[in-house]
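A.B. asks: A predicted structure for the sequence below; I have some questions about it.
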Amino acid sequence: MIDSEKRQYDIFMRSEQSALIQLHTAVLLFGGTALFSKLIGLSALDITVYRTAIAFIALVCLLKFQGKAIALNHKKDYGIAIILGIVVGLHWVTYFAGMQLAGIATGIIAFFTYPVITVFLEPFFNKQKLKSKDIISAITVLFGIYLLVPEASLGNDVTLGIITGVFSGLLFALRNLLQKQYFSSYGGPQTMLYQTIVACLMLCAFVDVGPTDLPEQDIWLLLLAGIIFTAAPHALFASSLRFLSATTAGLISCLQPLYGTVLAFMLLSEQPNMMTLIGGLLVVSAACFETWSITRKKA
């Protein structure tokens, strides 16, 4: 009996370790997504359209390979999927635009205001009251963003990029809350399948560079962005949650700005200045605290 329990414990520990590796890999890939804003010589909108189209095809193949359903359970869910796709499409365009304007480190920090924004939006969904700690987190984030802003002028690309990044965080927070409220019965890959195709169809009419005019290098980078940096991390993230608590997943996800900044430094030689590092530390610390506070209640 003891040997059997020990074997079961060993299997669980190996599964948990494997899930941690999957989660860190997913967060690393999420952080690496920002690199494509600089590596691909296209507008933020064009990158989003091609990335979502490729990710959609990859997710269809993944779900078919796993033998999982593609169709949604109820007709009304397709309407919700369309709304989620519109929000996530706008989020991705502003996400890449923020990186292109402000740089990867600053842009990804501005985007990572979304955990605190989530706390302020959540009362509209569950009627919970804000707490004093949430106000303190918001003030911390605002001060961190203030340190990032070089000048109070929309004529400055970095300032405009920070505003765009924060708006992208707002859209991402809204998508997450809508998804949790109305679409939580579906897995990560199935959810992203519909969001990617809706985002692609919504934006494809505004593409500047047609498929036949894409440079070969950008084609390969778009394939990499769509398959390895979009479809794969969502599948890994969803898989890791089978063995990890929501708290663990939430806190490790806060490493995304660190991973993105380190990758940008290693591959693109983008070196953040001291004010960016201090501001980023404040924003990410507040994000980690709010993520821990929220997920602790659900774990």
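C.D. replies: Arrived safely.
A.B. asks: I'd like the distance between residue 175 and residue 59.
C.D. replies: Residue 175 sits at a distance of 17 Å from residue 59 (criterion: CB to CB, to the nearest Å). All C-beta atoms are positioned from the backbone trio N, CA, C, and that covers glycine.
A.B. asks: More neighbours: which of those two?
C.D. replies: A count of neighbours by other CB atoms under 10 Å puts residue 59 above the other of residue 175 and residue 59, at 28 against 22.
A.B. asks: what's the closest non-adjacent residue to that one?
C.D. replies: Using CB to CB, 6 or more residues apart in numbering and skipping the chain neighbours, the partner closest in space to residue 59 is residue 193 (4.4 Å).
A.B. asks: which helices and strands sit right next to the helix or strand that neighbour falls within?
C.D. replies: Mapping residue 193 onto the secondary structure by DSSP states H and E places it in helix 188-203. In this structure, helix 188-203 packs against helix 44-66, helix 75-102, helix 232-240, with contacts taken as 3 or more CB pairs under 8 Å, 6 or more residues apart in numbering; DSSP states H and E.
A.B. asks: Can you tell me the SS state at residue 42?
C.D. replies: Reducing the assignment to helix, strand or coil with DSSP: H, G, I helix; E, B strand; the rest coil, the entry for residue 42 is coil.
A.B. asks: ok now do it, which residues does it touch?
C.D. replies: When contacts are counted by CB atoms under 8 Å, 6 or more residues apart in numbering, residue 42 is found next to 50, 208-209, 218.
A.B. asks: Okay, buried residues for stretch 70-80 please.
C.D. replies: Across stretch 70-80, burial judged by 16 or more other CB atoms under 10 Å covers 72, 77, 80.
A.B. asks: What I need now is the residues you listed written out in a markdown table, including pLDDT for each item.
C.D. replies: Listed next are the buried residues of stretch 70-80 as a markdown table, based on pLDDT from 0 to 100:
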| residue | pLDDT |
| --- | --- |
| 72 | 88 |
| 77 | 90 |
| 80 | 92 |
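A.B. asks: Which one of those is nearest to residue 187?
C.D. replies: For residue 187, the closest of the buried residues of stretch 70-80 turns out to be residue 72, at 11.8 Å, with distances computed as CB to CB.
A.B. asks: Residue 114 is in contact with residue 174, isn't it?
C.D. replies: No - using CB atoms under 8 Å, residue 114 makes no contact with residue 174, being 9.2 Å away.
A.B. asks: So the two - more neighbours on which side?
C.D. replies: Counted by other CB under 10 Å, residue 114 and residue 174 do not tie: residue 114 has more neighbours, with 25 against 22.
A.B. asks: what about the closest residue to that one other than its chain neighbours, distance to residue 141?
C.D. replies: Residue nearest to residue 114 in three dimensions, not counting chain neighbours: residue 169, with 3.6 Å by CB to CB, 6+ apart. Separation of residue 169 from residue 141 (CB to CB): 10 Å.
A.B. asks: okay, and the common contacts of the two?
C.D. replies: Here residue 169 and residue 141 share the contacting residues residue 113, scored by CB under 8 Å, 6+ apart.
A.B. asks: still on that earlier bit, need the helices and strands packed on helix 188-203 in TSV with distance to residue 289, can you?
C.D. replies: Rendered in TSV, the data for those read as follows (distance: least, CB to CB, whole Å):
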stretch	distance to residue 289
helix 44-66	30
helix 75-102	23
helix 232-240	21
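A.B. asks: Nearest to residue 200, out of these?
C.D. replies: Using CB to CB as the criterion, the shortest distance between residue 200 and the helices and strands packed on helix 188-203 is 4.1 Å, found for helix 44-66.
A.B. asks: Check what contacts the closest one and list those residues.
C.D. replies: Among residues not part of helix 44-66, those counted as contacts by CB under 8 Å, 6+ apart are 36-37, 40, 42, 69-70, 89, 92-97, 100, 189-190, 192-193, 196-197, 199-200, 203-204, 206-209, 211, 214, 222-223, 225-227, 230-232, 234-235.
A.B. asks: of the residues you listed, buried ones?
C.D. replies: Counted by 16+ other CB under 10 Å, the contacts of helix 44-66 give 36-37, 40, 42, 89, 92-97, 100, 189-190, 192-193, 196-197, 199-200, 203, 207, 214, 222, 225-227, 230-232, 234-235 as buried.
A.B. asks: ok, residue 276 - how many residues close by?
C.D. replies: Tallying neighbours of residue 276 according to other CB under 10 Å, which is how burial is gauged here, yields 21.
A.B. asks: could you give the mean pLDDT of the strand or helix carrying it?
C.D. replies: Using DSSP H and E, residue 276 sits in helix 274-298. For helix 274-298, the mean pLDDT works out to 77.
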